[in-house]
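[1] dropping a prediction and its sequence here:
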Amino acid sequence: MKYFLSFIVSVILFIPFAGAQLQTKSVSVFKNNKAFFIKSGTVLPKGTQYWLTGEIPSALFGTLWFQSPTNAIKSVSSNEQNIEKQGTPVNNYEILKANLNKKVILFLSPTESVDGIVQSFSDDYDKETKNYFTPLFVTIKGNNWWQSIKIDDIKRIGFAENPVTSVTSYEKKKVVTVEFNEGKAQPLNMMYLENGLNWSPNYLLELSSENKGILTLQAQVKNDAEDISNTDVSFVVGNANFKDANKLAWLVDFLPSLSSEYDDANAYSNSVSYKSSAADEAAPPSPEGDGVDGETSEDLFFYNLKNLSLPKGSRTQIELFRAEVEIEHVYEANLSEMIPYNLENYVYQVYATEDPNAKTYHSLKLNNQTKYPWTAGLCFVVNAEKGSKKPISQDMITYTPIKGDNCLKLTESPDIKVSQTERESDRKTNIRKRGEIQYDKITVDAEIKIKNYKAKDVKMNITRLVSGELSKSSADWKKTDKINYSNYLNKTTAVTWETNVKAGEEKVIKYSYTIVVRAN
């Protein structure tokens, strides 16, 4: 009885001498789309060589290191190798090769067939290029006869017995070869930096009362690098310096181009959150923060998580900490800046300016009393004082060290009006010359008006960059001199007034300064 076979292809790679694969032990993820991997394991070389193929990383220049605790590595190199693969046949040649020395029936046309023993094939290997290829002919042996048949002429193959459905073939691959001093099981460690794994901090601030809120930090994770399974993963806070880690290490520069970022997250699976908490049901957090373990290393901080799985192509949200924070409401207005170049290059017969509607912004001053530094990231603010949550704003939290503070801008506040007027009150002429250009020194009197239409007292911060020499102010001010890079005649000072304004009150701040202006 003759049996005919149709094959469904399913190729499985098999490297008989690779030994155990290296396992990922830890990953440190940075915010600049780079991640640091540490892998280790005990490998069994063939002879004295261990080959890495499927586990070759896209390691970045200067960061790929192989180490053996027993100092057993002789060298590490990379080149092309013909790698054995074991799988089901994918063409007539592989079907016949799998059934060498078996009786077959080869159908060459509807009316022509040949039956006999599969004996041999024509050449399938190029010694010069070291490449395997599909041979042209198969030789069939019958009773006292042999016949070579072109493999492309074979339409179908029949068998007189159960055929073999597994074949060994070769595939040319780039491999990294670790050469050991001895041919025995060896411990091996590998570490490298790689592109394609990134995290971005997102904050949620829930205002629970006038002076308290709950701050939650969540890591948004995008993995386009490689599979991570049950591995210790750290999310790094700080500005790491990786000079020249923007190209592939020479050892692996035959790999495809560096992993790129993808905007369309829907093209990938979304893994579930590692940890989440429902704010309505969770116990109130502590001021120090409740979340994952963290540690400082030099100038970096590491949020450490255990047994985390991040499949390649996944997008994940992971809660890192949740803390009760104290807040202070601050209202800020930035008055129009003075331009030193204009003062010294345009003629001012009479100097006077007006800033009638300086914008006032409502900000929150946050003090970091948690056990974590706050990395820079977007913060979404909601008001939860009355049970239901209402969106307020989204802005950037700047990096805030432990025990430090920052101001988070919320919204523009139309209920607080700030205006400024200033005028020349005195002039001393021809105090300086540059060639034919004459300069005068004038005294300027300025007045800031703050009107609070709110039904509560507010704390105001007024800021302005002032050119010239500051004289006096009716309210306390903080002054910071700026570096005069352009060698202007007038220096520039950053001035801040901090004052409390009662509900319904109009407060006036008067100050004066002198400036040098062009006179002709």
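    Perfect, thanks for sending it. Please read these numbers as outputs of a predicted model, since none were measured by experiment.
[2] so what's Asp153 up against?
    Applying CB atoms under 8 Å, 6 or more residues apart in numbering, we find Asp153 in contact with Leu108. Quick note: C-beta positions are derived from backbone N, CA and C, even for glycine.
[3] phi and psi next, for it.
    In terms of degrees, to the nearest 10, the main-chain angles of Asp153 are phi -80, psi -10.
[4] correct me, but Tyr511 touches Asp476?
    No. If you go by CB atoms under 8 Å, Tyr511 and Asp476 don't touch, sitting 10.8 Å apart.
[5] most remote residue from this protein's center?
    Distance from the centre of the chain peaks at Asn144, with 70.8 Å (CA atoms, centre = their mean).
[6] now for Leu343, how many residues are close by?
    21 (other CB atoms under 10 Å).
[7] confirm it sits in a helix?
    Yes. Residue state for Leu343 (DSSP: H, G, I helix; E, B strand; the rest coil) corresponds to a helix.
[8] hang on, isn't it packed against Ala519?
    No. Counting by CB under 8 Å, Ala519 is not a contact partner of Leu343; they are 11.4 Å apart.
[9] what about Trp374, how many neighbours?
    27.
[10] per-residue confidence at the closest residue to it other than its chain neighbours?
    In this structure, Trp374 finds its nearest non-sequential neighbour in Thr400, 4.0 Å apart by CB to CB, 6 or more residues apart in numbering. We have a pLDDT of 92 for Thr400.
[11] and Thr400, what is it in contact with?
    366, 368, 373-374, 406.
[12] quick one: contacts for Ile56?
    Here Ile56 is in contact with 174-176, 252, 255 (CB under 8 Å, 6+ apart).
[13] now which of the residues you listed would you call buried?
    For the contacts of Ile56, a burial check counting by 16 or more other CB atoms under 10 Å picks out 174-176, 252.
[14] among these, which lie within strands?
    Here DSSP state E is the test, and the buried ones among the contacts of Ile56 give 174-176 as lying in strands.
[15] Ser467 bridge partners, please.
    Thr492 (DSSP bridges).
[16] so which of Tyr511 and Asp476 has more stuff around it?
    The residue with more neighbours, out of Tyr511 and Asp476, is Tyr511; 22 against 10, by other CB under 10 Å.
[17] just give the closest residue to that one, not the sequence neighbours.
    Tyr511 sits nearest to Ser473 (CB to CB, 6+ apart), 3.8 Å away.
[18] just Ile450 next, same as before
    Lys507 (4.7 Å).
[19] touching, the one you found and Glu447? I think so.
    No. The pair formed by Lys507 and Glu447 falls short of the contact definition of CB under 8 Å, at 11.1 Å.
[20] tell me which helix or strand in the chain has the weakest average pLDDT.
    strand 11-13 (a mean of 31; mean pLDDT, DSSP states H and E).
[21] ranges for the strands of the stretch 401-520 of the chain?
    Secondary structure of the stretch 401-520 of the chain by DSSP state E, counting those that start in this stretch: the strands cover 405-412, 416-434, 437-452, 458-467, 469-473, 477-481, 492-501, 506-518.
[22] other residues contacting the first one?
    Under the criterion CB under 8 Å, 6+ apart, residues 205, 330, 332, 359-368, 374, 379, 381, 392-393, 395, 397-398, 400 lie in contact with strand 405-412.
[23] okay, buried residues for that strand please.
    Within strand 405-412, judged by 16+ other CB under 10 Å, the buried ones are 406-410.
[24] name the nearest of those residues relative to Asn490.
    Lowest distance from Asn490 to those (CB to CB) belongs to Cys407, with 29.0 Å.
[25] and the gap between the closest one and Pro45?
    The span separating Cys407 from Pro45 equals 60 Å under the rule CB to CB, to the nearest Å.
[26] how about Trp65?
    Applying CB to CB to Trp65 and Pro45 gives a distance of 19 Å.
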